[in-house]
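K.L.:
the sequence and its predicted three-dimensional model are supplied below.
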Amino acid sequence: MAMTAVTGALALATGACSSGSGNSEAEGDTGPTKPAAPATSAPPKQAPAAKQPIVIAFGGDTHFEGYLRSRLAKPATALGPIAKTLRAADLAMVNLETAITTGGTPAPGKEFTFRAPASAFAALRAAGVDVTSMANNHGMDFMDSGLRDSLKAIRRTGFPTVGIGKNAAEAYRAHQVTVKGNRLAIIGATQVLDDHLIEAWTATETKGGLASAKDVPRMVKAVRAARQGNDYVIVHLHWGEELKACPLPRQQDLAKQLIAAGADVVVGGHAHVPLGGGYLKGKYVHYGLGNFVFSSAAGKTASSGVLQLKLQDGKVSAAKWKPARISSGLPMPLSGAAATAEVKRWNALRSCTGLTAAP
């Protein structure tokens with residue numbers, strides 16, 4: 001990873017330095033004037049780092065349920081061979097689809113609830129993941145106590161996490177980072193929440209929770225704020241319909257509004273199968289990354305991969321899909337004829353998106 005000058009929604013670092021001096025003279029009735037102290041000056045400011053092309057990698061839905069939990073005992077190898085692909089990028093991101101807690105009360109009325117210990121962050125970091133979103137329909141599976149545990153774990157580990165916070169300001173706030181001279185702002189939010197949990201899970205000005213993409217004006221405001229002073233704005237969304245390989249109208253509408261507000265990249269997942277990606281008015285949209293580290297993946301939900309985007313000269317200049325197949329819960333990179341066939345299938349998914357293959 002080649003990252004510097006990190007600031008985050010939940011972990012901020014500040015520093016200041018100053019230097020200066022003054023000349024002084026003291027005149028006495030019987031003695032000579034003291035010589036002036038030599039002047040000193042602040043060191044010259046360093047020029048901003050030149051902006052170099054960077055590659056950002058995105059993986060899909062990730063949890064550590066069932067038999068995957070035991071992999072956290074060895075964080076360095078928890079994500080398996082896909083880590084090599086993630087580490088090769090200048091910045092990598094996944095969707096962490098679980099509450100970070102070992103206690104709490106499961107959310108009422110949910111068939112599936114996911115949780116993992118804080119060592120999940122160590123596993124992501126070891127695999128080369130630099131930032132994650134917890135804004136999804138499992139981020140508060142263990143309700144308010146699980147939320148408190150998750151926020152404590154984020155603060156304690158310092159792992160950059162978006163889409164969740166002690167209030168709306170924190171949940172919608174962008175994680176900001178400079179990578180090879182490029183200033184990035186990354187926002188996370190979910191368009192998918194169980195109807196009976198929307199109020200309890202959505203962050204407000206006075207209550208903790210998740211950033212909701214259902215509140216489109218709030219999302220537009222967040223993107224516009226992130227646009228100020230940054231070279232690229234990336235929005236990570238939990239959206240779509242499970243097992244549906246084409247985007248919903250509400251996904252397409254939201255993507256258009258966020259791009260109009262200043263987003264350069266809009267990506268996300270939820271459907272458990274890959275969807276198509278491409279360009280919209282020169283910006284990049286990907287409607288579904290599929291499963292990534294997921295214990296129940298099988299059949300068509302085992303199709304996986306890493307989306308690589310090249311950012312250069314203020315634009316997304318290239319996009320590449322590195323296909324994988326989930327085996328025993330882990331995405332295993334494909335090669336040869338199998339990889340070629342999967343890339344061809346992935347490109348065909350673009351046909352129902354309204355997106356183009358080139359800017």
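P.N.:
Yep, it's here.

K.L.:
SS state for residue 258?
P.N.:
helix (DSSP: H, G, I helix; E, B strand; the rest coil).

K.L.:
for it, give its distance to residue 218.
P.N.:
For residue 258, the distance to residue 218 (C-beta to C-beta, to the nearest Å) stands at 12 Å. Just so you know, the C-beta spots here come from the backbone N, C-alpha and C atoms, and that holds for glycine as well.

K.L.:
quick one: which of the two has more around it?
P.N.:
Higher neighbour count among residue 258 and residue 218: residue 258, with 27 against 18, using other C-beta atoms under 10 Å.

K.L.:
and the more buried one, how far is that from residue 188?
P.N.:
12 Å.

K.L.:
so what sits against both of the two?
P.N.:
residue 235 (C-beta atoms under 8 Å, 6 or more residues apart in numbering).

K.L.:
just the C-alpha atoms of stretch 308-318, please, in CSV.
P.N.:
What follows is stretch 308-318, C-alpha atoms only, in CSV (Å, rounded to 0.1, in the frame of the first residue of the first chain):
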residue,chain,number,x,y,z
GLN,A,308,-9.6,-2.8,-10.1
LEU,A,309,-10.0,0.8,-11.1
LYS,A,310,-7.1,3.0,-12.3
LEU,A,311,-7.4,6.6,-11.3
GLN,A,312,-5.4,9.1,-13.3
ASP,A,313,-5.5,12.8,-14.1
GLY,A,314,-8.8,13.2,-12.3
LYS,A,315,-10.6,10.4,-14.1
VAL,A,316,-11.2,6.7,-13.9
SER,A,317,-9.0,5.7,-16.9
ALA,A,318,-9.4,2.0,-16.8
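
K.L.:
let me see the mean pLDDT of it.
P.N.:
Averaging pLDDT along stretch 308-318 gives 98.

K.L.:
pretty sure residue 136 contacts residue 238?
P.N.:
Yes: between residue 136 and residue 238 there is a contact at 4.0 Å, judged by C-beta atoms under 8 Å.

K.L.:
for the stretch 151-300 of the chain, give me the ranges with low pLDDT.
P.N.:
Counting by pLDDT under 70, the stretch 151-300 of the chain contains no low-confidence range.

K.L.:
and the pLDDT at the closest residue to residue 141 other than its chain neighbours?
P.N.:
Nearest residue to residue 141 in three dimensions, chain neighbours excluded: residue 113, at 4.0 Å (C-beta to C-beta, 6 or more residues apart in numbering). pLDDT recorded at residue 113 is 98.

K.L.:
and for the one 3 residues further on?
P.N.:
In this prediction, residue 116 carries a pLDDT score of 98.

K.L.:
could you do the one 5 residues further on as well?
P.N.:
Predicted confidence (pLDDT) for residue 121: 98.

K.L.:
pretty sure it is in a strand, no?
P.N.:
No: under three-state DSSP, residue 121 sits outside any strand and is assigned helix.

K.L.:
just to check, it is in contact with residue 78?
P.N.:
No: taking contacts as C-beta under 8 Å, residue 121 lies outside contact range of residue 78: 10.8 Å.

K.L.:
quick one, what contacts residue 183?
P.N.:
By C-beta under 8 Å, 6+ apart, the residues touching residue 183 are 176-177, 229-232.

K.L.:
okay, now the nearest residue to residue 99 once chain neighbours are set aside: neighbour count?
P.N.:
Leaving aside its sequence neighbours, residue 99 sits nearest to residue 146 (C-beta to C-beta, 6+ apart; 4.1 Å). Each residue near residue 146 was counted by other C-beta under 10 Å, and the total is 24.

K.L.:
in this structure, where's the longest helix?
P.N.:
When the chain is parsed with DSSP state H, its longest helix is helix 143-157.

K.L.:
now that helix: buried residues?
P.N.:
Across helix 143-157, burial judged by 16 or more other C-beta atoms under 10 Å covers 143, 146-151, 153-154, 157.

K.L.:
same check on stretch 212-227?
P.N.:
Buried, per 16+ other C-beta under 10 Å, within stretch 212-227: 212-216, 218-220, 222-223, 225-227.

K.L.:
try stretch 53-60
P.N.:
54-60.

K.L.:
now do the helices in the protein.
P.N.:
Counting by DSSP H, the helices of the chain are 83-88, 119-126, 143-157, 168-172, 198-201, 216-227, 249-261, 336-348.

K.L.:
with distance to residue 67 added, can I get those in a markdown table?
P.N.:
A markdown table is the format used below for these (distance: least, C-beta to C-beta, whole Å):
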| stretch | distance to residue 67 |
| --- | --- |
| helix 83-88 | 19 |
| helix 119-126 | 14 |
| helix 143-157 | 22 |
| helix 168-172 | 32 |
| helix 198-201 | 28 |
| helix 216-227 | 36 |
| helix 249-261 | 32 |
| helix 336-348 | 25 |
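
K.L.:
and those: which comes nearest residue 104?
P.N.:
Checking these against residue 104 by C-beta to C-beta gives helix 143-157 as the closest, at 3.8 Å.
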